[in-house]
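> Based on what follows, work out the 3D shape:
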Amino acid sequence: MTDSQASTTTAPGTRVGTNPVAAAPEGVRTAADVVTPEVIARLTRGVVGSGRTANHMPFTGDKLADLPESTPEDVATAFERARAAQPAWAATSIRARAGVLLRFHDLVLRRQSEILDLIQLETGKARLHAHEEVLAVAVSARHYGRRAAAYLRPKRHTGVVPALTKVTELRQPRGVIGQIAPWNYPLELSVGDALPAFVAGNAVVMKPDTETALTALWARDLLIEAGLPAGVFQVVIGEGPVVGPEVVERADYVSFTGSTATGRDVARRAAARLVGVSLELGGKNPMLVLEDADLEKAAAGAVRACFSSAGQLCISIERLYVHASVADAFVEHFAARTKAMRLGNSLAYGADMGSLAGERQLETVARHVSEAVEKGATLVAGGAARPDVGPLFYEPTILDNVQEPMAVCTQETFGPVVSIYRFTDEDEAVALANNTPYGLNASVWTKDGRRGHRIAARMRAGTVNINEGYAPAYGSVRSPMGGMKDSGLGRRHGSEGILKYTEAQTVAQQRLIPLGPAFGMDDEKYAAVMSFGLRAMKACRLR
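Below you'll find the predicted structure:
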């Protein structure tokens, strides 16, 4: 099908789709070219799995690869291997550990065509959106490769008695990190989160989603090539309810990205063991278009913010609040761009949006859209499945006149669907944006930078982007990223993203005199001297 051809109705009563389809280039690679028996054997080497399972391609629904499946006993073995390898890795210098990340950075960029193919085959996303993962992982590897030593170096603190008490804060690795990674960003949300754990001296036992396991295994293979000891990075594969709890029960710290419901269960299990967790969970992210926004830029930004990876991004926009004075003009610009988006299913650049990743996502998207329309919402663009392109394709969809109790109004859709709402003043917009249990990401569009910052500070979201949807905040890896409210606990990126994988240890050395009565002082005299010393330190503004 060429770019100019649209879909046709595939069954009586089925709405005809309108988005064009990107033509596949000549000689484009296929799954058989990419996922060969040799590749599968190389990537699954070292995976602890006594059973067999398989993953599938969203583009076609066909099986992609047979994979090892891990039992609870296999998970225990993986942790044993990781614990055996971790002490020697922790004893390696930070500079040497950081060197692994910097070599990995170069390898990822040099061999990105390999991983782009795998990401597309396992997730169904467009190649440009798969490339976002390559960029994110490379940026993270560079950042922690360059900054880990500064984050982890011993820090001197003022002791209780200056000059007499020498205090040093050390950062010790936690041990073995249990990581449960999702399917939607299988490179960035697997190895991207593991990199700071490794450079901090930990081992990792990772459970990727089965459907996207090859991507995580490719990253493991490349890290080993970059110099990471194989035993330090263990991968287990299996059903979440079977393997996931086993990972949580054995880990010294848990990193989880996924749904809020599952995140609560992970937190409960970890809390019972007094083990720390980092949770990035769901979102119903808002975007505010103020009356002074550049509408063309805002419309183009909304396309990126709402439909990247077919909306299957925790920080993508699902609620779009537009000032009433410019709403009609904005919707016209936004709808025109959305209807022109090209769907595609080839391992090549050129498509503007790919497929949904699974039947559950397709069912949720179709249900939310159909229910909203039945209850009075207006379909501005999209609203149709596209089986002519692939079994899980659904057009980028804009809904107007959305209101409760429509499910799409408050529930996370996690697909290419966005709802338009109108507001009349700034306070109303902020209140509407914050009126959700979630608080992961937000976006504000205005020509007035100071106004944008003022509004951003009022938003109850872990990241807020001004004049873009999500990329500036997420890509600025020196700054923390994570959720407020039901969107999670903890942060990735920056100092928090690496220090969470460590235990703080205070080492205090007392010199010359003890912290107790000395030189013939009785208790009362010692108490008086210490009290005088505290007053003096306050007067000298010591902290």
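> Next one: Ala32 from Ile40, what distance?
Per Cβ to Cβ, to the nearest Å, Ala32 is found 12 Å from Ile40. Every C-beta, even on glycine, is put in place using the N, C-alpha and C of the backbone.
> neighbour count winner among those two?
Using other Cβ atoms under 10 Å as the criterion, Ala32 and Ile40 rank with Ile40 on top: 16 against 7.
> What about the nearest residue to the more buried one once chain neighbours are set aside, how many residues nearby?
Spatial nearest neighbour of Ile40, excluding adjacent residues (Cβ to Cβ, 6 or more residues apart in numbering): Ala65 at 5.1 Å. Using other Cβ under 10 Å, Ala65 is surrounded by 23 other residues.
> Ala65 - that's part of a strand, no?
Yes. According to DSSP: H, G, I helix; E, B strand; the rest coil, Ala65 belongs to a strand.
> Show me what it bridges to in the sheet.
Beta bridges link Ala65 to Asn55 when assigned by DSSP bridges.
> Could I get the contacting residues of it?
By Cβ atoms under 8 Å, 6 or more residues apart in numbering, Ala65 lies in contact with 35, 40, 54-55, 214.
> what's the answer for Gly439, then?
Shown in contact with Gly439 (Cβ under 8 Å, 6+ apart): 283, 460-462, 483-487.
> same thing with Asp486?
Asp486 touches 260, 281-282, 437-439, counting by Cβ under 8 Å, 6+ apart.
> Mind doing that once more with 7 Å?
Counting by Cβ atoms under 7 Å, 6 or more residues apart in numbering, Asp486 makes contact with 260, 281-282, 437-438.
> Look up phi and psi at the residue nearest to it when sequence neighbours are not counted.
Excluding the flanking residues, the one nearest Asp486 by Cβ to Cβ, 6+ apart is Pro437, at 4.3 Å. When read as degrees, to the nearest 10, the backbone of Pro437 gives phi -70, psi -20.
> can you tell me how far Pro437 sits from Met484?
Distance from Pro437 to Met484, counting by Cβ to Cβ: 10 Å.
> The two - which one has more neighbours?
Neighbours were counted for Pro437 and for Met484 using other Cβ under 10 Å; Met484 has more, 16 against 12.
> now the nearest residue to that one once chain neighbours are set aside: how far from Ala433?
Once flanking residues are discounted, Met484 sits nearest to Gly439: 3.3 Å by Cβ to Cβ, 6+ apart. Taking Cβ to Cβ as the measure, Gly439 falls 10 Å from Ala433.
> What of Ala504?
36 Å.
> ditto for Ser531
Going from Ser531 to Ala433 by Cβ to Cβ gives 52 Å.
> So for these two, which sits in the more crowded spot?
Ala433 (27 against 10).
> If you count neighbours, what's buried in the strand or helix carrying that one?
Assigned by DSSP states H and E, Ala433 belongs to helix 426-434. For helix 426-434, burial by neighbour count (16 or more other Cβ atoms under 10 Å) applies to 426, 429-430, 432-434.
> ditto for stretch 286-304
Neighbour-count burial for stretch 286-304, counted by 16+ other Cβ under 10 Å, picks out 286-291, 293, 295, 298-299, 301-304.
> same deal with stretch 67-86?
In terms of neighbour count (16+ other Cβ under 10 Å), stretch 67-86 has its buried residues at 67-72, 74-79, 81-83, 85-86.
> From the chain's centroid, how far away is that stretch?
Taking Cα atoms, centre = their mean, to the nearest Å, one finds stretch 67-86 lying 25 Å from the centre of the chain it belongs to.
> packing partners for the biggest helix by length in the chain?
Longest helix in the chain, counting residues (DSSP state H): helix 127-152. Here helix 127-152 touches helix 94-110, helix 112-123, helix 191-199, helix 494-499, going by 3 or more Cβ pairs under 7 Å, 6 or more residues apart in numbering; DSSP states H and E.
> Okay, now the unreliable bits of the protein?
Counting by pLDDT under 70, the chain contains low-confidence ranges at 1-15.
> Phi and psi next, for the residue nearest the centre of it.
Central residue of the chain (Cα atoms, centre = their mean): Leu189, 4.9 Å from the mean position. As for Leu189, its main-chain torsions (degrees, to the nearest 10) stand at phi -90, psi 10.
> From Ile119, how far out is it?
Counting by Cβ to Cβ, the gap from Leu189 to Ile119 is 12 Å.
> Could you do His143 as well?
For His143, the distance to Ile119 - Cβ to Cβ - is 21 Å.
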